[in-house]
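>>> pasting the structure only:
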Ligand code: MLT
């Protein structure tokens, strides 16, 4: 009996050691390309993961939605069909209403406000909500950035210029309400279809962060860029919760550390590319306008009132009133 106990313990220890030494490559889905601000974060995460695990853990990025559209990728991670992904939060309100917070207009005033909020207990609360609802674990609140409108119809110098323009929103009823309140003819469409829809005139307008507009070459099919800054869009780096739970504790810690090291690098790149690409988009022929945003805020205030309870009034108020700690 004594011999059996020792043998079983030894087997267990050997098993644990083998698990801690697991070699694995994680497939990672990205909606954008290899030069994008999303890729900067994912590649830095992969580099740190490989370094910290001494080469055992690596990533294989799949760019431009090669593994599926954003909603499918979130579902796929939850079902264990896709290992990891970075996405905008646009489709995530469909899994849990707290994520509609990121669709509500003019909640976050600048990057510091948004990032400090996500790095606080509210970011943990949101991560826990999506883990329960969709079975995905957020490793880092990377960012897509503030979103801005583009169109092929006319320069937007004032809110009235948006009237009647066929505008694509992400798959979110809050976004449809927002763009209807702003005067457009708004309808939702999956990200994978947007470029062709703009090219063919099925849609005339869309909105995305500056680095995204550049990465997917929207300047080829859109002449006008409006600095509307209507929402801050995170781009959480995620892993299937079951997959994460199946890793050894040591490898879970390595994964979290790699994500923590990649986060500031991604956020800095996002900001730097935003500044750089406004000029480049102008050089590529886009006309940039900066309308007074006060009438925009006024027009969409009823959208916040309409959705506030469903998103969670406490969460919305916490976001609106959040004071980043001063250094
Ligand atoms: C979208 O507009 O659907 C997204 O912002 C695309 C993305 O994740 O970059």
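Sure thing, it's come through. Not measured: the values here are computed from a predicted model.
>>> what parts of this structure come near the ligand?
By C-beta under 6 Å from any ligand atom, the residues of the chain that approach the ligand are 31, 32, 70, 87, 88, 90, 144, 170, 191, 208, 212. To be clear about C-beta, it is placed using only N, CA and C from the backbone, and glycine gets the same treatment.
>>> got those residues as TSV, with pLDDT and neighbour count columns?
Converted to TSV, those look like this (pLDDT from 0 to 100; neighbours: other C-beta atoms under 10 Å):
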residue	pLDDT	neighbour count
31	96	27
32	97	24
70	92	23
87	96	26
88	94	24
90	91	27
144	96	27
170	95	29
191	94	24
208	98	26
212	96	29
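>>> low-confidence stretches in the protein?
For the chain, applying pLDDT under 70 flags the ranges 1-20, 327.
>>> 50 instead, please
By pLDDT under 50, the weakly predicted segments of the chain are 1-15, 18.
>>> please enumerate the strands of it.
For the chain, the strands defined by DSSP state E cover 24-29, 57-62, 84-86, 136-140, 143-151, 166-169, 185-188, 205-209, 224-226, 232-234, 237-240, 287-289.
>>> which one of those lies nearest to residue 315?
Shortest distance between residue 315 and those, using C-beta to C-beta, is found for strand 232-234: 14.2 Å.
>>> let me know which of the strands of the chain is tucked in deepest.
strand 84-86 (a mean of 28; mean count of other C-beta atoms under 10 Å).
>>> pairing partners for that strand, with directions?
If you go by DSSP bridges, strand 84-86 pairs up with strand 24-29 (parallel), strand 237-240 (antiparallel).
>>> nearest to residue 199 among those would be which one?
Residue 199 lies closest to strand 24-29 among the strands paired with strand 84-86, at 23.9 Å (C-beta to C-beta).
>>> just want the angle from that closest one to strand 57-62.
30 degrees (axes from the mean of the first three to the mean of the last three C-alpha atoms, to 10 degrees).
>>> contacting residues around the residue of the stretch 151-300 of the chain found nearest the ligand?
Closest residue of the stretch 151-300 of the chain to the ligand, C-beta to the nearest ligand atom: residue 191 (3.3 Å). Going by C-beta atoms under 8 Å, 6 or more residues apart in numbering, residue 191 touches 31, 65, 69, 70, 88, 90, 170.
>>> try residue 223
Contacts of residue 223 by C-beta under 8 Å, 6+ apart are 151, 152, 285, 286, 287.
>>> please repeat the previous calculation with a cut-off of 10 Å.
By C-beta atoms under 10 Å, 6 or more residues apart in numbering, residue 223 lies in contact with 150, 151, 152, 153, 154, 155, 285, 286, 287.
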